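K.L.:
Provided below for reference: sequence and predicted model.
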Protein chains: 2
Amino acid sequence: MKRIDSVKNEHVKRWKKLHTKKGRETAGRFLVEGYHLVEEALKANMAVEYILMTEGAILPSSLSMQDQDMIIVSDQVMKELSETETPQGIAAVCVIPTEPNVDKVTGQYLLLDRIQDPGNLGTMIRTADAAGMTGVILGEGSVDVFNSKVIRATQGSIFHLPVIKGNLEKWIEVFKKSSIPVFGTALNEASSYSAIQPQSHFALIMGNEGEGVAQPLLEKTDQNIYIPIHGQAESLNVSVAAGILLYYLRG
Amino acid sequence: MKRIDSVKNEHVKRWKKLHTKKGRETAGRFLVEGYHLVEEALKANMAVEYILMTEGAILPSSLSMQDQDMIIVSDQVMKELSETETPQGIAAVCVIPTEPNVDKVTGQYLLLDRIQDPGNLGTMIRTADAAGMTGVILGEGSVDVFNSKVIRATQGSIFHLPVIKGNLEKWIEVFKKSSIPVFGTALNEASSYSAIQPQSHFALIMGNEGEGVAQPLLEKTDQNIYIPIHGQAESLNVSVAAGILLYYLRG
């Protein structure tokens, strides 16, 4: 088995660049950290390029066939590559999947417009997974889905359903062609969500934490909906709102 | 108007102790920071003991009558008292409300059992406010509700509805006496939430992020419910789950 002890090793320098969005896009790779996430990546048949582990790290059982990709690294190297305070001693370098070229679709989708908070993005991917969504479409201007905080917040759901980056206006056209209703979330010219019936096929758009869904998108939806506020709160957290709407709409 | 420039001032030393749970309990006071939260505290007729502001800070309009409590502080003092990276120049010292002694109740309640994450606790208080709950009961072993991260995450909802610390087993007795159904959340021996009808009076218990609701509490409820997982996620985030259930149960 290969072994890397020095933080000056060329591989380590290259992998460290995966901490930034630009680095990930240039390399077409992203890092995942920790036993649970590495196991999920392997189970999902993600293209895992390397497994990095410190001596004595516990190995996921799904690892058996892939030992050609395993590299033992020193604690220092792991610390250099880790973005958590207490690295678990195992990480993986994964290949960013290529975007599918889709013309017609079926199923239930969550569309996300310019989400800024990594915790919110990760939690919404996790919620979409739990609610059995077919996929998540991530519009331009959102925090990068391969950001380590996002991946951690998904708790592995990033490996359970397709999370596709794309232009939301184009995707709305795809849903229209596929006769799938598109629901925006908005406060004006919108109906209470409970006025809508649950749907076997739908696309729901959740928007930016401060600004909501962009107006040009709201103008292209079939219907815009809101969650009534019964108390004195000004709004709901976007992840909480996504959970309420996805579980309601899926029926 | 009074003025405090030195971080060694006795008041400043005393207020800084409000950063810890012990300090808050001893003093019976807590700090809130920022324009929005100070405004909410004033609007809610909270017992605001002092308003602290730096020169040039924007004042909430609800402030007019209370200038006897206002103190100008130096930027250094504000920085010393602030727990955010970029203090907004306004803060308030508030009196922790005394717990009501309740025998019989009506309405809709969220009960929280040993919530650890300040963001989750704050978000659930905000969600309970939005869903029009009558109150939130916070059991023993939870993160302190007057922790500054919790207060920020409530976005002001902490001032909109009663958040009562108490023994959850005793509270379940109060709900029973008041003929209000108590729902626990659990994975075993539980029904899907959609098998329950919305209720005009209810108490819902959400539990610890890792362990859920404690077994002794689950044994005292009228019924335990769960949210079905349709995909491969292991669970939902507790704040998201609370949102789905509160909006469903309130009808």
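P.N.:
Here it is on my side, so go on. These figures come from a predicted structure and were not determined experimentally. Numbering: from 1, shown residues only, chains lettered A, B, ... in the order given.
K.L.:
OK, contacts around A:Ser178?
P.N.:
A:104-106, A:201 (CB atoms under 8 Å, 6 or more residues apart in numbering or on different chains). For the C-beta atoms, the positions are set from N, CA and C on the backbone; glycine is no exception.
K.L.:
ugh, wrong one, I meant A:Met70
P.N.:
A:Met70 makes contacts with A:1-2, A:50-53, A:63, as judged by CB under 8 Å, 6+ apart.
K.L.:
Quick check: what element follows the regular element (helix or strand) spanning A:Thr127 along the chain?
P.N.:
For A:Thr127, the host element (DSSP states H and E) is helix A:118-130. Using DSSP H and E, the helix or strand that follows helix A:118-130 in sequence is strand A:135-138.
K.L.:
Can you list the buried residues in that next one?
P.N.:
Of the residues in strand A:135-138, those scored as buried under the neighbour-count criterion (16 or more other CB atoms under 10 Å in any protein chain shown) are A:135-138.
K.L.:
cool, stretch A:162-180 as well?
P.N.:
So for stretch A:162-180, counting by 16+ other CB under 10 Å, buried means A:163-164, A:166, A:168, A:171-172, A:174-175, A:180.
K.L.:
Mind telling me the two of the contacts of A:Ser178 farthest from one another?
P.N.:
A:Lys104 and A:His201 (11.5 Å; CB to CB).
K.L.:
Who has more neighbours out of those two?
P.N.:
Here A:Lys104 and A:His201 are set side by side on neighbour count (other CB atoms under 10 Å in any protein chain shown), and the busier one is A:His201, at 15 against 10.
K.L.:
can you pull the pLDDT of the closest residue to chain B within the stretch 1-150 of chain A?
P.N.:
Proximity to chain B, evaluated over the stretch 1-150 of chain A using CB to the nearest CB, is greatest for A:Gly132 at 2.8 Å. Per-residue confidence for A:Gly132 comes out at a pLDDT of 98.
K.L.:
need the contact list for it.
P.N.:
Contact criterion CB under 8 Å, 6+ apart gives A:108, A:250, B:230-231 as the residues in contact with A:Gly132.
K.L.:
let's see 7 Å
P.N.:
A:Gly132 is in contact with A:250, B:230-231, counting by CB atoms under 7 Å, 6 or more residues apart in numbering or on different chains.
K.L.:
Now which of these would you call buried?
P.N.:
Those of those that meet the buried threshold are A:250, B:231, by 16+ other CB under 10 Å.
K.L.:
about what we covered before: could I get the buried residues of strand A:135-138 as a markdown table with distance to chain B?
P.N.:
Listed next are the buried residues of strand A:135-138 as a markdown table, based on distance: CB to the nearest CB, whole Å:
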| residue | distance to chain B |
| --- | --- |
| A:Gly135 | 11 |
| A:Val136 | 11 |
| A:Ile137 | 16 |
| A:Leu138 | 17 |
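K.L.:
Now that you've got the contacts of A:Met70, can you turn the buried subset into something I can paste into ChimeraX?
P.N.:
Taking 16+ other CB under 10 Å as the burial criterion, the selection of buried members of the contacts of A:Met70 in ChimeraX is written as:
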select /A:50,51,52,53,63
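K.L.:
Would you check which pair of the contacts of A:Met70 lies furthest apart?
P.N.:
Comparing every pair within the contacts of A:Met70 by CB to CB identifies A:Lys2 and A:Leu63 as the most remote, at 15.3 Å.
K.L.:
Could you count how many residues lie near A:Thr86?
P.N.:
8.
K.L.:
Now the phi/psi pair for it, please.
P.N.:
According to degrees, to the nearest 10, the main-chain angles of A:Thr86 amount to phi -120, psi 90.
K.L.:
What spatial separation is found between it and B:Leu52?
P.N.:
Applying CB to CB, to the nearest Å, one obtains 37 Å for the distance of A:Thr86 from B:Leu52.
K.L.:
Check whether the helix holding A:Thr127 comes near chain B.
P.N.:
Yes - under the criterion of CB under 7 Å from any CB of the partner chain, helix A:118-130 makes contact with chain B via A:123, A:126-127, A:129-130.
K.L.:
Need the contact partners of that helix.
P.N.:
Helix A:118-130 is contacted from outside by A:110, A:112, A:115, A:136, A:142-143, A:145, A:147, A:149-155, A:157-158, A:160-161, A:163, A:206, A:209, A:238-239, A:242-243, A:246, B:229-233, B:236-237, B:240, using CB under 7 Å, 6+ apart.
K.L.:
Quick one, which of those are buried?
P.N.:
Neighbour counting over the contacts of helix A:118-130 (16+ other CB under 10 Å) leaves A:110, A:112, A:115, A:136, A:142-143, A:145, A:147, A:149-155, A:157-158, A:160-161, A:163, A:206, A:238-239, A:242-243, A:246, B:231-233, B:236-237, B:240 as the buried ones.
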